[in-house]
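**Student:** give me a model of this one.
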Amino acid sequence: MRINIVASVTAMVLGAVALAVSAEGSQEDRSETFRQLELFGDVLSRIESDYVSETEQSELIEAAIDGMLSSLDPHSAYHNPDSYEDLRVTTRGEYGGLGMEVVSRDDYITVVSPISDTPAERAGLRTNDRIIAVDGENIIGVSVDEAVEMMRGAVGDPVTITIARDGADDFDVTLVRDTIPLRTVAWRLEDGVPYMRIAGFNERTTEMVLDGVRELEDEFGGPLPGLILDVRFNPGGLLDQAIGVTDVFLDGGEVVSTRTRDPRETQRYNARPGDRLNGAPIVILINEGSASAAEIVAGALQDRERASLVGMTSFGKGSVQTIIPLRGGRDGALRLTTGRYYTPAGRSIQATGIIPDTQISSFPLDDQDLTPARAEESLPGALENENGEHRAETDIAAVEQPPADWPEDEDYQLSRALEMLRSQMESQQASLQ
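**Tutor:** Prediction:
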């Protein structure tokens, strides 16, 4: 049910809303809804008239909406118009801006790196340049979010930034905002083995995965003999992009199914014919930070016996959220949990996570390391697994750990995944001879 009126301010209007939104319920239900909304109106009026200091009505109502949604589960939320626009930028996979990574360092917005072929790179901005003003407004001491908001804008619009650079006088640079892609996929040959890292799932992720496969093939000099797919610390993103990425590596068949409160609305999503890697072995790296869409990819390829999973048990977020714009987005949007997803084998991983085929830790374990503090099941108000299952306790004896002399700056999980993939590639090549 979508409620398009979110800023009613009197009991009378709230009562009218109650009658409108409960028209399909019984008379008793409508009366109770009316009574509860009248109570809300009474409380709001009392706060406005008697609270010790002046209050902002819109902030009070937004806080009430936040409280209502947060009482449902950790992933349902209200996005005000500004937050909704940020969300749209994230999921679109591109934005109007200058094209540089920045951090806050000693109160200065500092350039980490300009992105290739963007206004920032073309203007000659360098790592460690400090941005001290935007269009003449001093930004020393502001947050990264505030600075980024000032520098982003409509494609084609100019913006002047003031740069402080070591060994030079402060100077102004005028740049014209351009379309900047938000990259979620990176790839390289790791010790001669194709490696791809997916950091999230926005509208361009599947496209970038296909680009990555093509470029890896060019660099490798032919069809890929295998692939490391790294989704560690990937928080998820768009369902259709998880399906699209999985489709790249499957030759048809089911990827995932979703079920809502109404069992008649179950939907199944299938891959199209044509495995882009032609059956070459895949090793997927997962850990406790792999969630949602990342778990859909890992769970599907595991169930379909298309990939081996290496690492630690994933986060365990098996729910689907729908973004519901309010008044076309003018009043923001709801992010509402509307369903659960299931792997091709019918597994719900809600609260349980996906257990890898080979459990390998990136660091030495002790008893305190065995239950991740941020796993889905530990979040306040998290949905229970509908089958009553819980996250399995990790058997420390079953987890491979790095040797005592393993260098801290080297990735043990990746090192072992490379060994496993090389072995699988050799076995497949031997069987083809």
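**Student:** where is the longest strand in the protein?
**Tutor:** For the chain, the longest strand by residue count, based on DSSP state E, is strand 333-342.
**Student:** partner strands of the helix or strand just after it and their direction?
**Tutor:** On the C-terminal side of strand 333-342, the closest following helix or strand by DSSP states H and E is strand 358-359. Here strand 358-359 is paired, per DSSP bridges, with strand 308-311 (parallel).
**Student:** figure out how far the partner strand is from the centre of its chain.
**Tutor:** Centre-to-centre, strand 308-311 and its host chain are 21 Å apart (C-alpha atoms, centre = their mean, to the nearest Å).
**Student:** cool, and stretch 394-405?
**Tutor:** The chain centre lies 29 Å from the centre of stretch 394-405; the measure is C-alpha atoms, centre = their mean.
**Student:** can you list contacts of it?
**Tutor:** 312-313, 358-365, 367, 370-371, 412, 416 (C-beta atoms under 8 Å, 6 or more residues apart in numbering). Where you see a C-beta, it was placed from the backbone N, CA and C, and this is true even at glycine.
**Student:** mind listing what's buried in it?
**Tutor:** Under the neighbour-count criterion of 16 or more other C-beta atoms under 10 Å, stretch 394-405 has 394, 399, 401-402 buried.
**Student:** okay, how far is it across it, tip to tip?
**Tutor:** Stretch 394-405 has its terminal residues 24 Å apart, counting by C-alpha to C-alpha, to the nearest Å.
**Student:** tell me where the stretch 1-150 of the chain has strands.
**Tutor:** With DSSP state E, counting those that start in this stretch as the criterion, the stretch 1-150 of the chain has strands at 77-79, 94-97, 100-105, 108-114, 130-134, 137-138.
**Student:** want to try TSV for those strands, with mean pLDDT as columns?
**Tutor:** Below are the strands of the stretch 1-150 of the chain laid out as TSV (pLDDT from 0 to 100):
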stretch	mean pLDDT
strand 77-79	94
strand 94-97	88
strand 100-105	87
strand 108-114	89
strand 130-134	97
strand 137-138	96
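**Student:** include distance to residue 33 and mean neighbour count when you put those strands into a markdown table, please.
**Tutor:** Shown next, in a markdown table, are those (distance: least, C-beta to C-beta, whole Å; neighbours: other C-beta atoms under 10 Å):
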| stretch | distance to residue 33 | mean neighbour count |
| --- | --- | --- |
| strand 77-79 | 19 | 21 |
| strand 94-97 | 41 | 19 |
| strand 100-105 | 47 | 16 |
| strand 108-114 | 48 | 19 |
| strand 130-134 | 48 | 19 |
| strand 137-138 | 48 | 10 |
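**Student:** would CSV of those strands with distance to residue 69 be doable?
**Tutor:** Formatted as CSV, the strands of the stretch 1-150 of the chain follow (distance: least, C-beta to C-beta, whole Å):
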stretch, distance to residue 69
strand 77-79, 5
strand 94-97, 26
strand 100-105, 30
strand 108-114, 33
strand 130-134, 34
strand 137-138, 35
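**Student:** out of those strands, the one nearest residue 168 is which?
**Tutor:** Of all the strands of the stretch 1-150 of the chain, strand 130-134 sits nearest to residue 168, with 11.2 Å by C-beta to C-beta.
**Student:** distance of residue 163 relative to residue 126?
**Tutor:** 9 Å (C-beta to C-beta, to the nearest Å).
**Student:** the more surrounded of the two?
**Tutor:** residue 163 (20 against 14; other C-beta atoms under 10 Å).
**Student:** doesn't that one belong to a strand?
**Tutor:** Yes. Checked against DSSP: H, G, I helix; E, B strand; the rest coil, residue 163 lies within a strand.
**Student:** surely it touches residue 131?
**Tutor:** Yes. In this structure, residue 163 is within contact of residue 131 by C-beta atoms under 8 Å, at 6.4 Å.
**Student:** name the member of the contacts of stretch 394-405 with the most neighbours.
**Tutor:** residue 312 (26 neighbours).
**Student:** which residues touch that residue?
**Tutor:** Counting by C-beta under 8 Å, 6+ apart, residue 312 has contacts 286-288, 356, 359-361, 394, 399.
**Student:** with those residues in mind, which one is nearest to residue 101?
**Tutor:** For these, the nearest to residue 101 is residue 287 (23.7 Å; C-beta to C-beta).
**Student:** and the closest one, how far is that from residue 381?
**Tutor:** 24 Å.
**Student:** compare neighbour counts for those two and give me the winner.
**Tutor:** residue 287 (23 against 11).
**Student:** could you double-check that the more buried one sits in contact with residue 362?
**Tutor:** Yes. Between residue 287 and residue 362 there is a contact at 7.3 Å, judged by C-beta under 8 Å.
**Student:** find residues that contact each of these two.
**Tutor:** With C-beta under 8 Å, 6+ apart as the test, residue 287 and residue 362 both reach 311, 413.
**Student:** report how many residues lie close to the closest residue in space to residue 133 that isn't next to it in sequence.
**Tutor:** In space, and not counting its chain neighbours, residue 133 is closest to residue 162: 3.8 Å by C-beta to C-beta, 6 or more residues apart in numbering. For residue 162, the count of nearby residues is 18 (other C-beta under 10 Å).
**Student:** likewise residue 300?
**Tutor:** By the criterion of other C-beta under 10 Å, residue 300 has 27 neighbours.
**Student:** now do the contacts for it.
**Tutor:** When contacts are counted by C-beta under 8 Å, 6+ apart, residue 300 is found next to 246, 250, 254-256, 306, 343-344.
**Student:** do residue 86 as well
**Tutor:** Taking C-beta under 8 Å, 6+ apart, one finds residue 79 in contact with residue 86.
**Student:** now do 10 Å
**Tutor:** By C-beta atoms under 10 Å, 6 or more residues apart in numbering, residue 86 lies in contact with 79-80, 95, 145, 148-149, 152.
**Student:** ok, residue 387 next?
**Tutor:** Applying C-beta under 10 Å, 6+ apart, we find residue 387 in contact with 347-348, 350-352.
**Student:** same check, this time on residue 128
**Tutor:** 105, 108, 110-113, 164-166.
**Student:** pick the one among those closest to residue 390.
**Tutor:** residue 112 (40.8 Å).
**Student:** if I read this right, residue 274 contacts residue 253, doesn't it?
**Tutor:** No. Shown here, residue 274 and residue 253 do not form a contact pair, counting by C-beta atoms under 10 Å, at 11.8 Å.
**Student:** ok, the two, which is more surrounded?
**Tutor:** Legend: neighbour count by other C-beta under 10 Å for residue 274 and residue 253, higher for residue 253 (16 against 11).
**Student:** can you name every helix or strand that the lengthiest helix in the chain contacts?
**Tutor:** Looking across the chain with DSSP state H, the single longest helix is helix 27-50. Here helix 27-50 touches helix 11-21, helix 57-70, going by 3 or more C-beta pairs under 10 Å, 6 or more residues apart in numbering; DSSP states H and E.
**Student:** alright, calling it a day.
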